[in-house]
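Chemist: Could you work out the structure for the sequence below:
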Amino acid sequence: MVFIIPKRVREDLPFARFVENDLSLERGRELEWLLTNGLGGYSSSTILGLNTRKYHGLLVSSDENLSRYVYLQKLEEEVVSGNNVRRLSVNEYGDRSATDGWRELSAFEQNYESVTFHYNTWSADVVKTINMVQGKNAIVVSYKVRNKMREGIKFNVNLLVNSRSIYELTKAGNLSFDLKVFSPKILAVKSARGYLTVYSDKAACSVSPLNSKWMRNVFYSTDYERGDDCLEDLYFPASFSVGLAPAESEDFSLVALGYADENRTTEAIKDMQKGFKENGRVMGTGLASSILKLLSSGDSFIVGRGNAKTALAGYHWFGEWGRDAMISLPGISFINERFENAESVFSHFLDNTSVQGIANRFVDGKPEYGDYDSSLWLIDRLYQYMKYIGPEKMLPLLSKNWPKLKEIVNTYSVLEKDGLLMHRSGTWMDTLERDAAVEVQALWHNALKIMQAFAEVLGDGRFSTEELCKRFESGFHERYWNGKYLKDCLSDDSMRPNQVIAISLDHFIIDANDARKVLECVREELLTPYGLRTLSPKDGRYKGEYRGSISEREAAYHNGTVWPWLLGPYVKAYAKYYGDKSHIQKIFEPLFDKHINEAGIGTISEIFDGDPPHKPGGCISQAWSVAEPLRAYYEDVMGKKPPYSTLFL
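Modeler: Residues are numbered from 1 along each chain as shown. Down below sits the predicted model:
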């Protein structure tokens with residue numbers, strides 16, 4: 001049995017639907033949706049259509065280096081009947097005023113590849129559906145409009161355009177646009193940063209008046225709460241409109257494509273004109289539905305990068321991070337048998353190794369190095385992958401990269417002293433100085449054992465890690481065990497969750513009784529409904545809320561903030577050392593049944609507050625937050641172990 005989305009559930013029904021109280025301004029602004037295109041681009045906002053972050057945008061395109069740009073900020077609809085204009089849009093402004101189009105919203109629905117807004121005004125019923133085109137920086141927005149009046153009405157769709165990085169904000173006067181109206185139904189908007197084309201099958205385009213070209217001081221409330229810049233001006237170049245006779249209904253669509261220049265946009269249009277077939281995937285309810293929603297979310301993190309594929313760490317702002325990719329791979333590509341994706345991601349990172357190992361991250365397409373755990377996670381994940389596909393199928397990937405893997409071990413061994421890796425920081429808790437961290441020690445020993453197994457598979461009798469293993473095993477326990485739990489670092493007794501990572505690994509030397517002591521301490525002080533705290537509340541440095549300025553948030557990031565991905569190693573370790581599943585069987589219910597309809601719809605947030613009610617924060621959709629709970633539920637709760645697990649005990 002594997003986790004896949006079966007054909008029988010690919011029906012035209014939503015997996016999430018919000019009505020009534022959820023559509024209030026206060027509640028609706030907290031619920032965010034995300035659609036992705038397989039390239040790193042996305043479309044995202046709240047269920048009200050109110051943008052609360054600079055990262056929100058109807059069309060956010062990604063280039064070959066996975067840099068993301070907002071080209072189409074919003075489409076804002078209005079119904080015109082005589083002298084009456086009813087706007088369906090929602091915006092907040094710098095003076096804290098807001099438009100009230102949300103009052104006309106009767107329902108919001110999301111399925112696997114689209115979101116739908118249902119509006120019910122006194123003059124018209126409007127259904128708006130947004131689809132993102134896979135493999136293209138493009139969206140299709142479809143409208144169904146029914147005139148309820150005894151007189152004709154006009155339905156306008158106003159374009160709010162941008163051309164900036166997702167990390168920036170636009171001010172009128174700092175950015176100029178050139179408009180090209182190719183026909184009554186085709187418009188292009190060019191800037192120094194990009195080229196946007198919008199066209200319709202039925203709606204006619206009209207350029208906006210010169211004195212109405214900018215919407216000023218749009219306010220992003222979430223950015224304000226985070227202490228970031230939060231005011232922006234948006235360019236309003238044109239509208240697309242249709243007229244409806246009394247009691248008439250009309251269906252029409254808008255297509256928008258945004259790339260760095262006109263040639264790339266034109267090429268994408270030509271490809272799309274060859275035929276784009278919608279393939280919406282949707283679900284019902286219950287735990288099975290939640291798992292399938294998360295599997296679909298997991299697909300969004302695997303994106304094309306040239307001829308290869310890579311894994312994004314999260315939406316809206318995280319790019320390629322080696323550690324995140326390695327940790328996430330089992331949950332987004334092993335358990336659902338996306339083995340081609342896994343091999344492509346492995347190859348991408350292995351092709352970009354240096355003497356320091358795999359890249360910590362890629363910035364503008366260029367690898368950066370400097371952490372101490374990503375390469376050790378790589379070795380572990382290659383080992384987990386071999387458990388799924390078997391040694392025979394693993395041989396080509398392993399043989400090709402065996403010299404690089406041995407070089408990684410040789411590089412790390414230079415840091416070894418008395419069995420331990422004497423590294424300086426460079427861990428996943430990158431806001432803290434953590435030298436000789438406990439999980440890095442465990443990952444090192446785990447990697448040494450795995451490399452010995454790889455050498456046997458490859459028949460390399462000259463390679464041996466036996467002496468390094470012996471030195472580690474002779475001194476680790478004495479130097480890290482404090483009588484109750486494992487120290488976080490060689491000189492730091494902090495009660496943190498990194499010891500759980502250590503005891504969850506396949507190859508670790510801790511006594512089972514001591515492992516259970518660790519788990520009991522973690523359960524008592526760190527476990528929450530949504531993950532593990534990064535520091536015990538009993539510690540004076542503990543921060544229970546992730547709030548405030550950048551420096552305030554950074555102080556809390558790894559000092560109490562809850563991380564959902566840590567539930568993966570916690571559940572794996574609990575199943576390993578207790579066997580009894582009564583505790584872990586329900587551990588994912590708050591995430592799977594509740595949270596996926598609370599922040600980023602159908603996905604899992606990056607972090608949560610350490611204190612109740614554990615408000616979600618950070619990225620609305622984080623790869624390892626989705627991947628590790630999925631992997632743990634499949635392998636450790638359901639007990640669906642990889643088919644070749646018994647070969648490597």
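Chemist: The helix or strand in which residue 382 is found: what's the following helix or strand?
Modeler: Residue 382 belongs to helix 374-389 when assigned by DSSP states H and E. Going down the chain from helix 374-389, the next helix or strand is helix 391-413, by DSSP H and E.
Chemist: contact partners of that following helix?
Modeler: 343, 346-347, 350, 353, 355-357, 372, 375-376, 378-379, 382, 385-386, 421, 444, 447-448, 451, 454, 457-458, 460, 463, 465, 468, 644, 647 (Cβ atoms under 8 Å, 6 or more residues apart in numbering). The C-beta positions use only the backbone N, C-alpha and C, and glycine is treated the same way.
Chemist: Filter those residues down to the ones in strands?
Modeler: Judged by DSSP state E, the contacts of helix 391-413 include residue 421 as members of strands.
Chemist: Give me the buried entries from the contacts of helix 391-413.
Modeler: Burial by neighbour count, 16 or more other Cβ atoms under 10 Å: within the contacts of helix 391-413 this picks out 343, 346-347, 350, 353, 356-357, 372, 375-376, 378-379, 382, 385-386, 421, 444, 447-448, 451, 454, 457, 465, 468, 644.
Chemist: count of residues packed around the residue lying closest to residue 347 once chain neighbours are set aside?
Modeler: Leaving out its chain neighbours, the residue that sits closest to residue 347 by Cβ to Cβ, 6 or more residues apart in numbering is residue 308, at 6.6 Å. By the criterion of other Cβ atoms under 10 Å, residue 308 has 13 neighbours.
Chemist: May I have the beta-bridge partners of residue 308?
Modeler: Applying DSSP bridges to residue 308 gives these bridge partners: residue 305.
Chemist: Equivalent analysis for the one 4 residues further on, please.
Modeler: Legend: beta-bridge partners of residue 312 under DSSP bridges are residue 320.
Chemist: isn't it right up against residue 318?
Modeler: Yes: in this structure, residue 312 is within contact of residue 318 by Cβ atoms under 8 Å, at 6.4 Å.
Chemist: So for these two, which sits in the more crowded spot?
Modeler: Using other Cβ under 10 Å as the criterion, residue 312 and residue 318 rank with residue 312 on top: 26 against 19.
Chemist: what residues are up against the more buried one?
Modeler: 40, 66, 300-301, 303, 318-320, 623.
Chemist: among the contacts of helix 391-413, which are in helices?
Modeler: In helices, judged by DSSP state H, the following of the contacts of helix 391-413 are found: 343, 346-347, 350, 375-376, 378-379, 382, 385-386, 444, 447-448, 451, 454, 457-458, 468.
Chemist: the helices in the stretch 201-350 of the chain, which residues?
Modeler: Ranges of helices in the stretch 201-350 of the chain, per DSSP state H, counting those that start in this stretch, are 221-225, 262-273, 287-299, 322-329, 339-350.
Chemist: could I get those as TSV with distance to residue 177 and mean pLDDT?
Modeler: Converted to TSV, the helices of the stretch 201-350 of the chain look like this (distance: least, Cβ to Cβ, whole Å; pLDDT from 0 to 100):
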stretch	distance to residue 177	mean pLDDT
helix 221-225	24	94
helix 262-273	14	80
helix 287-299	34	73
helix 322-329	36	97
helix 339-350	36	96
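Chemist: right, so of the ones you listed, which gets closest to residue 35?
Modeler: Judged by Cβ to Cβ, the one of these that comes nearest to residue 35 is helix 287-299, at 10.7 Å.
Chemist: just to revisit the earlier point, tell me what angle the helix holding residue 382 forms with helix 339-350.
Modeler: For helix 374-389 against helix 339-350, the angle by axes from the mean of the first three to the mean of the last three Cα atoms, to 10 degrees is 160 degrees.
Chemist: can you tell me the average pLDDT over helix 374-389?
Modeler: If you average the pLDDT over helix 374-389, you get 97.
Chemist: Check stretch 171-191 too.
Modeler: Per-residue scores along stretch 171-191 average to 91.
Chemist: thinking in terms of the whole chain, how far from its middle is that stretch?
Modeler: 31 Å (Cα atoms, centre = their mean, to the nearest Å).
Chemist: Show me what that stretch is in contact with.
Modeler: Contacts of stretch 171-191 (Cβ under 8 Å, 6+ apart): 159, 161, 163-164, 192-193, 195-205, 207, 214, 216, 232-233, 235, 237-238, 240, 262, 265.
Chemist: Pull out the buried members of those.
Modeler: By 16+ other Cβ under 10 Å, these give 159, 161, 163-164, 193, 195-200, 203, 205, 214, 232-233, 235, 237-238, 240, 265 as buried.
Chemist: Among those residues, name the ones in strands.
Modeler: Those of these lying in strands (DSSP E): 159, 161, 163-164, 195-200, 205, 214, 232-233, 235, 238, 240.
Chemist: pLDDT value on the nearest residue to residue 89 once chain neighbours are set aside, please?
Modeler: The shortest distance from residue 89 to any non-neighbouring residue, by Cβ to Cβ, 6+ apart, is to residue 76 (3.7 Å). With respect to pLDDT, residue 76 has a value of 96.
Chemist: Need phi/psi at residue 76.
Modeler: Note on residue 76: backbone dihedrals following degrees, to the nearest 10 are phi -120, psi 120.
Chemist: again with the one 3 residues further on
Modeler: For residue 79, the backbone dihedrals are phi -110, psi 120 (criterion: degrees, to the nearest 10).
Chemist: burial of residue 178, as a residue count?
Modeler: Count around residue 178 with other Cβ under 10 Å applied: 11.
Chemist: what sits up against stretch 214-229?
Modeler: For stretch 214-229, using Cβ under 8 Å, 6+ apart, the contacting residues are 29, 51-54, 56, 91-96, 160, 169, 172, 230-236, 547-550, 552-553.
Chemist: buried residues in it?
Modeler: Those would be 214-215, 217-224, 226, for stretch 214-229 by 16+ other Cβ under 10 Å.
Chemist: hmm, back to that, want to throw the contacts of residue 312 into CSV with pLDDT?
Modeler: Formatted as CSV, the contacts of residue 312 follow (pLDDT from 0 to 100):
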residue, pLDDT
40, 94
66, 92
300, 90
301, 93
303, 93
318, 94
319, 94
320, 95
623, 96
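Chemist: I'd like those residues written out as JSON lines, with distance to residue 403 added.
Modeler: Formatted as JSON lines, the contacts of residue 312 follow (distance: Cβ to Cβ, whole Å):
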{"residue": "40", "distance to residue 403": "31"}
{"residue": "66", "distance to residue 403": "28"}
{"residue": "300", "distance to residue 403": "34"}
{"residue": "301", "distance to residue 403": "29"}
{"residue": "303", "distance to residue 403": "28"}
{"residue": "318", "distance to residue 403": "31"}
{"residue": "319", "distance to residue 403": "28"}
{"residue": "320", "distance to residue 403": "24"}
{"residue": "623", "distance to residue 403": "29"}
